[in-house]
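Student: Sequence and predicted structure are below.
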Amino acid sequence: NAGVTQTPKFQVLKTGQSMTLQCAQDMNHEYMSWYRQDPGMGLRLIHYSVGAGITDQGEVPNGYNVSRSTTEDFPLRLLSAAPSQTSVYFCASAEGRNQPQHFGDGTRLSIL
Amino acid sequence: AQTVTQSQPEMSVQEAETVTLSCTYDTSESDYYLFWYKQPPSRQMILVIRQEAYKQQNATENRFSVNFQKAAKSFSLKISDSQLGDAAMYFCAYRSAGAGSYQLTFGKGTKLSVIP
């Protein structure tokens, strides 16, 4: 079982460039979310979705866009990358709101 | 807003011994979920154990158990018979059970080293 798949695993961008981090799950989970992990900060929620066509903001949404056109995919877009967005990004999915979240392997993003 | 505090940035334990990782949280809610996640050097986030606040019985998963003290807002993780593969970052996390609540709030993590 693939579970939650994130691509790419590593990426280096220049300030001002745009980029889409991909996330796909094959478990037919309704709930998907994006977190960022910074040193000493733990994981913080960026955006989440409770189903196709429905998205909402988390704790740190500024500078990021999301969309959910299918149940399987939940891409995260950086419209104009900034050095403050250097982080490790995790996508997660869950069968329902009260179910444990399954995490992808993360994307390490560096912005110069 | 809820907060989760892990007061031990680093811990170490001898192989085969027992170690307890601490976690406290702040909330005004009565119904919620608590989790411990393990993050090995591979970076993968692995769910270790989950506790539902309305259940008084402490959750147990093989060598992992929790001590859930709701009144004290404490949720510690005990690892028995520690193994080299237990070396990792451990994150405590909170999620409200209220309608419309989806966010996991994480602590800053505890780095566990296992000494052979």
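Tutor: Okay, I see it.

Student: Quickly find the element holding the residue nearest in space to the middle of chain A.
Tutor: Nearest residue to the geometric centre of chain A (C-alpha atoms, centre = their mean): residue A:34, 3.1 Å. Residue A:34 belongs to strand A:31-38 when assigned by DSSP states H and E.

Student: Would you tell me what the next helix or strand after that strand is?
Tutor: Per DSSP H and E, the first helix or strand lying C-terminal to strand A:31-38 is strand A:42-51.

Student: Can you list the strands that that following strand pairs with?
Tutor: Next to strand A:42-51 in the sheet, as set by DSSP bridges, lie strand A:31-38 (antiparallel), strand A:54-57 (antiparallel).

Student: Let's test this: mean pLDDT of it, rounded?
Tutor: In this model, strand A:42-51 has a mean pLDDT of 92.

Student: Can you get me the centre-to-centre distance for stretch A:30-38 and its chain?
Tutor: Here stretch A:30-38 is found 5 Å from its chain centre; the criterion is C-alpha atoms, centre = their mean, to the nearest Å.

Student: What residues sit buried inside that stretch?
Tutor: A:30-37 (16 or more other C-beta atoms under 10 Å in any protein chain shown). Placement of C-beta: from N, CA and C, glycine included.

Student: got the strands paired with strand A:42-51 as CSV, with mean pLDDT columns?
Tutor: As requested, those are exported to CSV (pLDDT from 0 to 100):
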stretch, mean pLDDT
strand A:31-38, 95
strand A:54-57, 93
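
Student: Surely residue B:40 is in contact with residue B:48?
Tutor: No. Assessed by C-beta atoms under 8 Å, residue B:40 is found out of contact with residue B:48, at 11.4 Å.

Student: Mind checking which of the two has more residues around it?
Tutor: residue B:48 (19 against 13; other C-beta atoms under 10 Å in any protein chain shown).

Student: Can you tell me how far that one is from residue B:92?
Tutor: Distance of residue B:48 to residue B:92, computed by C-beta to C-beta, to the nearest Å: 10 Å.
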